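> Sequence and predicted structure, then a few things I'm wondering about:
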Amino acid sequence: MDPKPLIFAQSLVLSGPARDLGRNFIKGIDLYLKKVNDQGGIDGRPIMIWRLDDGYEPENAYNNTSQFVSYSQLLGLFGYIGTPTTKASLPLAKAAEIDIISPFTGASVLRGENNAYTIHHRASYADEAKRIVDYLVNDGFVRIAIGYQNDSYGKDVLNSLIEELADPHMLSPVISVPLVRNSRDTGNAAKEIKAHNPDALIAISTYQTVASLIQNLNSQGSYPQVMTISFTGTKSLIKELPRHTSFGIGVTQVVPFPWDLRNPIVRDYQHDLRHVDSDAEFDFVSLEGYLIARKLVSALRKASPVINRSSLRDALLEENDGLISGGVEVDLVFLGTDPWQP
């Protein structure tokens, strides 16, 4: 008789404009889980993930989650991608008393006492907002524009940015412009931003929308210092832009530097990835997937041999020394300044 698998479910973006986020994320997750399963899994039990594509749309994520929670053997909802999708799914998870584990989001709306069924392993968007604002103001940028995705993700980061600008810096954005999720239609937003002559732009969306906004601004003769956060997708953003356009964009990061071989976890990640694909590219998103898979496996080993939703939850909370960042909560990298870039 085959050992009973340990089953998780994941709603994530695998199609549409933000698809690279999902594809790179599961590359890291599957890399680590395959290694563990090849070595016998958890006391002989393989770890399996049931996945459905949501296209980074909340309604799809809700429908996917509705299917997931009806399965009685499900141990958890793992590695959901995005704030609007995770937020839409949370009421179903709460009703079924199933945890959403390690979602790829730093939104404040999904944290705190009112969200007992989410277990986080990444820094918050508020932490990333502080890192960006502090850098800009300390370097003399005070005319700061914000382009934000017009949903729970963008508004969450927008609120954090406004709060950080106000206190302690006593500033406010020169303009805040909404951007449509999953869209390259940013021409009008670029015109509005250019009209306010910012010296810096904080762009909050996914890589294709951010790239479109930057290119539209540049085509109109506006070249502000651009900053964005980890969820954008660093490597995908680089690939969306001409090299000269991407140069100097600042991106916050919440995982270790994927090319830093001084870090033992990064060495493991690179070794495992090159073992299955000698030509594979390293990136921040797949490393995050790899790291949350490690967290999950460690918790499963602690919970074994009696693994159920409750014992896994207890083990995850013990394991939750918080972050997957390797000691530095939020880092800041600038594109075009390092040899790792294509």
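Looks like it came in fine.
> Tell me where the stretch 101-250 of the chain has strands.
Here the stretch 101-250 of the chain has its strands, by DSSP state E, counting those that start in this stretch, at 118-119, 144-149, 175-179, 200-204, 225-228, 250-253.
> which one of those strands is the most hemmed in?
With neighbours defined as mean count of other CB atoms under 10 Å, these peak in mean count at strand 200-204, which reaches a mean of 28. To be clear about C-beta, it is placed using only N, CA and C from the backbone, and glycine gets the same treatment.
> what does that strand contact?
The contact list for strand 200-204 (CB atoms under 8 Å, 6 or more residues apart in numbering) reads 132, 136, 141, 143-149, 153-154, 157-158, 161, 179, 193, 209-210, 213-214, 217, 224-229, 232.
> got the CA positions of that strand in CSV?
Taking C-alpha atoms only, strand 200-204 is exported to CSV below (Å, rounded to 0.1, in the frame of the first residue of the first chain):
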residue,chain,number,x,y,z
ALA,A,200,10.7,60.3,-8.0
LEU,A,201,8.0,57.7,-8.8
ILE,A,202,7.0,54.8,-6.6
ALA,A,203,5.2,52.3,-8.9
ILE,A,204,3.1,49.6,-7.2
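> Direction included, what does it pair against?
Strand 200-204 pairs in its sheet with strand 144-149 (parallel), strand 225-228 (parallel), by DSSP bridges.
> Can you check which of those gets nearest to Asp260?
Taking CB to CB, strand 225-228 is the member of these nearest to Asp260, at 21.2 Å.
> low-confidence ranges in the stretch 201-342 of the chain?
Applying pLDDT under 70 to the stretch 201-342 of the chain flags the ranges 319-328, 338-342.
> With respect to Val330, which of the strands of the stretch 101-250 of the chain lies nearest?
Among those, the nearest to Val330 by CB to CB is strand 250-253 (5.3 Å).
> Show me what the closest one is in contact with.
Under the contact criterion CB under 8 Å, 6+ apart, strand 250-253 has outside partners 128, 131-132, 135, 225-230, 232, 234, 237, 284, 330-335.
> in its sheet, what does it sit against?
Applying DSSP bridges, you get strand 225-228 (parallel), strand 331-334 (antiparallel) as the partners of strand 250-253.
> Now find how far off-centre that strand is within its chain.
12 Å (CA atoms, centre = their mean, to the nearest Å).
> Next up, the contacts around Leu31.
269, 272-273, 276, 286, 289-290, 293.
> 6 Å - rerun?
272-273, 290 (CB atoms under 6 Å, 6 or more residues apart in numbering).
> Give me the distance between the two termini of stretch 280-287.
Stretch 280-287 stretches 12 Å from its first residue to its last (CA to CA, to the nearest Å).
> Quick one: mean pLDDT over stretch 6-17.
Throughout stretch 6-17, pLDDT has a mean value of 98.
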